[in-house]
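Student: build me a model:
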Amino acid sequence: MTRTRRGWSGLLTGCLAVVLGVAGCADDPAEPADPPSAGDPPAVGFRAEVTVRGQQLRISYRLVNRSGGDLLVLNRVPAYSSAGTARDDPNAVYVVGRPGTGTVQLGKRAFPRPDTDRKDWGAAPQVGAVVLPAGQEVAEEITVPLPLRRNHPYGDDIGYGVIKLPDPVDEVVFCLGLARMGEVPGALPSPGGPAVTSVPHAVSTTRVQHLFCSAPTML
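Tutor: Predicted coordinates:
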């Protein structure tokens, strides 16, 4: 089970993982399996809140690195223009459902490549990350429009039908992914520029990723 921290107390709580199951009717395709991370999460202070403001969700979070080493915060989700060109949008988040529930996860994080032989994506899509040195913090204010639309790095169709969000959506939760710098294969900061890198959506990333999540917010 993926682990989370809530609040500044540093108490560890369980974060429900997205598992392979059935969402809605028996014939509906479900979200791909979300494998658990390995090892203990790094020490951080984390606070996040999701509020409903009319036809928008407002997400605020603050993360303080108390681990004693560099962390990668996977908070640069790519957005795409109508022409399919990637662009920088701090409000971009991944949006996925939790099978068998009315809960939707809004996330800045990595995902594993779906375990299927029905699709071939070629190169793995990437998620951007910032390097957060020990003792430093990162904070964001994010706006997500309603109604929610599913956004997964490998798309809605992984070879056995189109995956949909729960209907209705009862509650939402925000999750932020992070990992220790030395544990992510091939992740290096940009030389001579901002401490930003990219990591693949792959099991090699998710097995060292730890999710820190907000409390659920009812819609």
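Student: going by C-alpha atoms from here, please, whenever you check contacts or count neighbours.
Tutor: Will do.
Student: quick one, helices of this structure?
Tutor: Along the chain, the stretches classed as helices by DSSP state H are 203-206.
Student: tell me where the model's unsure across it.
Tutor: Low-confidence segments of the chain (pLDDT under 70): 1-27, 186, 188-194.
Student: rerun that using 80 as the cut-off
Tutor: Residues of the chain that meet the criterion pLDDT under 80 lie in 1-28, 81-86, 99, 186-196.
Student: right, and residue 150 touches residue 164 too?
Tutor: Yes. Using Cα atoms under 8 Å, residue 150 makes contact with residue 164 at a distance of 6.8 Å.
Student: overlap in contacts of those two?
Tutor: The contact sets of residue 150 and residue 164 overlap at 97, 156 (Cα atoms under 8 Å, 6 or more residues apart in numbering).
Student: quick check: phi and psi on residue 43?
Tutor: Torsion angles at residue 43 (phi, psi; degrees, to the nearest 10) stand at phi -80, psi 120.
Student: distance check, the closest residue to it other than its chain neighbours against residue 151.
Tutor: Nearest residue to residue 43, sequence neighbours excluded (Cα to Cα, 6 or more residues apart in numbering): residue 67, at 4.6 Å. Separation of residue 67 from residue 151 (Cα to Cα, to the nearest Å): 31 Å.
Student: and if you look at residue 56?
Tutor: Computed as Cα to Cα, the residue 56 to residue 151 distance reads 16 Å.
Student: does residue 74 touch residue 175 like I think?
Tutor: No. Residue 74 is not in contact with residue 175 according to Cα under 8 Å; the separation is 10.5 Å.
Student: count the residues that sit near the residue lying closest to residue 63 once chain neighbours are set aside.
Tutor: In space, and not counting its chain neighbours, residue 63 is closest to residue 46: 4.6 Å by Cα to Cα, 6+ apart. Neighbours of residue 46 under the rule other Cα atoms under 10 Å: 24.
Student: re earlier: which ones are touching the residue nearest to residue 43?
Tutor: 42-44, 134-135.
Student: show me those residues that map onto strands.
Tutor: Cross-referencing the contacts of residue 67 against strands under DSSP state E gives residue 44.
Student: which of the contacts of residue 67 has the most neighbours?
Tutor: Highest neighbour count within the contacts of residue 67, by other Cα under 10 Å: residue 44, with 21 neighbours.
Student: quick one: that one from residue 136, how far?
Tutor: Distance from residue 44 to residue 136, by Cα to Cα: 10 Å.
Student: same thing with residue 72?
Tutor: 12 Å.
Student: pick out whichever of the two has more residues nearby.
Tutor: The neighbour count for residue 72 versus residue 136, taken as other Cα under 10 Å, is higher for residue 72 (28 against 13).
Student: ok, for that one, nearest residue in space, not its chain neighbours?
Tutor: residue 131 (4.8 Å).
Student: number of nearby residues for the one you found?
Tutor: Neighbour tally, residue 131, other Cα under 10 Å: 24.
Student: residue 176 and residue 74 touch, don't they?
Tutor: Yes. Because the distance of 7.1 Å satisfies Cα under 8 Å, residue 176 is recorded as touching residue 74.
Student: residues that sit against both of these two, list them.
Tutor: Contacts common to residue 176 and residue 74, judged by Cα under 8 Å, 6+ apart, are 108-109.
Student: not counting its neighbours along the chain, what's nearest residue 138?
Tutor: The shortest distance from residue 138 to any non-neighbouring residue, by Cα to Cα, 6+ apart, is to residue 63 (5.4 Å).
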